[in-house]
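Student: Based on what follows, work out the 3D shape:
(one chain, ligands or ions: 1)
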Amino acid sequence: MQPIEVARQYYHDAYTTTFRAVISERTVAEGRPAVVLTETFFYPSSGGQPHDTGTLAGQRVVDVHVRESDGAIVHVLDAPIPAEVAEVEGRIDWGRRLDHMQQHTGQHILSQAFIRCGAAGTIGFHLGADYVSIDLDSTQIDETVRAAAFSMANEAVRSDVAIRAWFPTEAELASIALRKTPEVDGALRIVAIGEFDVSACGGTHVARTGEVGLISWLRTERLKRGTRISFLCGDRARADYADKHRIAATLSAALSCSVAELPDAVGRLQADLQATRRELGRFQEEALDREAEALRQEATGTPTLVVRAWEGRPAEEIRGLALRTTAGPGVVALLATGGDRTQFVFARSEDTTADLKGALDRALAVIGGGKGGGGRVVQGGGAAADSATVARALAAAASGIGGG
Ligand SMILES: [Zn+2]
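Tutor: Residues are numbered from 1 along each chain as shown. Presented below is the predicted three-dimensional model:
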């Protein structure tokens, strides 16, 4: 096997995207054909940075990982490379690689900025398709520290300093002050961002900080023992800015105000909506009062028996009507709403003794479903029913109640 520094060419050159290499092993990984090469520029998932994609001999490379048993870099393919092909051309998807280089380099810069601005070390790093984040070992990251760190990080980007990655000798390594003590055995790869940040890392990085372009803050989350900072770098940050600008422009056109006036405009809308809801609620209550009064007036008997069904009416409204109709003395109300979900609400005035539970049992014998409640209001139902069936169920319920 090749020494690791030879097998992993991306250690020395993150910009080469086309190369030739010899297949040293054909295998199966993740249920797909896979190959190991004498050397590769493909980055395998490691250190929080996702793997590269691309092609080998024209076949898609869908995953690249380090084999635990021997450290070999396994290229997982969507289709096998013909057996007679010994040497292959590798092509790496540059867009994805550059994106990872920008996010990862931005992470180094930001981690150093948080040490300097907030005495906060980085204990976690996530580079996902949707967001990038670092976990800091401090809960003291307020808005001032956060803003200062991002400002310092972007200043480091603007200074456009050179980034160097190399394997130092042990003697040289002893003289290097690393941001964080690494937990790996073997040769350490050092990544130095000018004088600004020196850390041990096996990932791919841009050659100068200027290529990171922009480091933009997304959000701060409190963790149990730290703080998570989500951010975007480079082209991702620019795309995010364009997206947010488009959304802000759409909203400001819809609300006929400037982007700066949006928060106030939305605040006013919310206040208006709340007032409107309150007013609507009052009107609905009044409408139910009138409707209940009319139902009671139309009914006869001792006790006065109100039997009525609707189609698809909210159960809450039926309940409101049942309570209102029976608020005064001498009324029993057997109300229902049919449709996709039948609901019965049976209520009686305090001074009546009608057996509501018995009435509900008779109704549910016609239409299946569960029930609940007790005292002067019971409620039940569940199954779907047409209006004829609901009428039959109500008739059955009413049959055992005096008056009518
Ligand atoms: Zn790195």
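
Student: Which part of the stretch 51-200 of the chain gets nearest to the ion, residue-wise?
Tutor: Ranked by CB to the ion, the top residue of the stretch 51-200 of the chain for proximity to the ion is H104, at 4.8 Å. C-betas here are computed from N, CA, C, even on glycine.

Student: Let me see the mean pLDDT of whatever helix or strand A265 lives in.
Tutor: Assigned by DSSP states H and E, A265 falls within helix 262-298. Throughout helix 262-298, pLDDT has a mean value of 95.

Student: all numbers from here: first residue = 8
Tutor: Will do, 8 is the new start, and the previous item becomes helix 269-305.

Student: Pairing partners for the following helix or strand past it, with directions?
Tutor: Downstream of helix 269-305, the first helix or strand assigned by DSSP H and E is strand 311-318. Applying DSSP bridges, strand 311-318 is found paired with strand 338-345 (parallel).

Student: List the buried residues in the strand it pairs with.
Tutor: Across strand 338-345, burial judged by 16 or more other CB atoms under 10 Å covers 338-345.

Student: Looks like Q114 contacts F132 (just checking).
Tutor: Yes. Assessed by CB atoms under 8 Å, Q114 is found in contact with F132 at 5.7 Å.

Student: okay, and the common contacts of these two?
Tutor: Contact with both Q114 and F132 is made by residues I141, according to CB atoms under 8 Å, 6 or more residues apart in numbering.

Student: So for these two, which residue has more residues nearby?
Tutor: Q114 (28 against 19; other CB atoms under 10 Å).

Student: tell me the contacts of the closest residue to D167 other than its chain neighbours?
Tutor: Once flanking residues are discounted, D167 sits nearest to G217: 3.5 Å by CB to CB, 6 or more residues apart in numbering. Residues near G217 by CB under 8 Å, 6+ apart: 164-165, 167.

Student: Show residues contacting the helix or strand encompassing R369.
Tutor: For R369, the element it lies in under DSSP H and E is helix 363-373. Residues from elsewhere that reach helix 363-373 (CB under 8 Å, 6+ apart): 339, 341, 343, 351, 353-355, 378, 381, 383-388, 396, 399-401, 403-408.

Student: Show the contacting residues for the closest residue to D20 other than its chain neighbours.
Tutor: Excluding its sequence neighbours, the residue lying closest to D20 (CB to CB, 6+ apart) is F48, at 7.2 Å. F48 is in contact with 16-17, 20, 23-24, 26, 97, 99, counting by CB under 8 Å, 6+ apart.

Student: hmm, stretch 48-63 in reach of the ion?
Tutor: No. Judged by CB under 5 Å from the ion, stretch 48-63 and the ion are separated, with a smallest distance of 6.7 Å.

Student: Now that stretch: buried residues?
Tutor: Of all the residues in stretch 48-63, those buried under the rule 16+ other CB under 10 Å are 48-51, 55-63.

Student: Can you give me the end-to-end span of that stretch?
Tutor: Stretch 48-63 has an end-to-end distance of 11 Å (CA to CA, to the nearest Å).

Student: In the stretch 258-407 of the chain, what residue lies closest to the ion?
Tutor: Of the residues in the stretch 258-407 of the chain, the one nearest the ion is V266, at a distance of 36.1 Å by CB to the ion.

Student: right, and that residue touches R253 too?
Tutor: No. V266 is beyond contact range of R253, at 11.3 Å (criterion: CB under 8 Å).

Student: higher neighbour count, those two?
Tutor: V266 (13 against 10).

Student: From S52, how far out is H19?
Tutor: The gap separating H19 from S52 is 20 Å, by CB to CB, to the nearest Å.

Student: Which of the buried residues of strand 338-345 sits closest to R243?
Tutor: In terms of CB to CB, no member of those lies closer to R243 than T344, at 51.8 Å.

Student: residues near the nearest residue to the closest one once chain neighbours are set aside, how many?
Tutor: Leaving aside its chain neighbours, T344 sits nearest to R320 (4.2 Å; criterion: CB to CB, 6+ apart). If you count neighbours by other CB under 10 Å, R320 ends up with 16.
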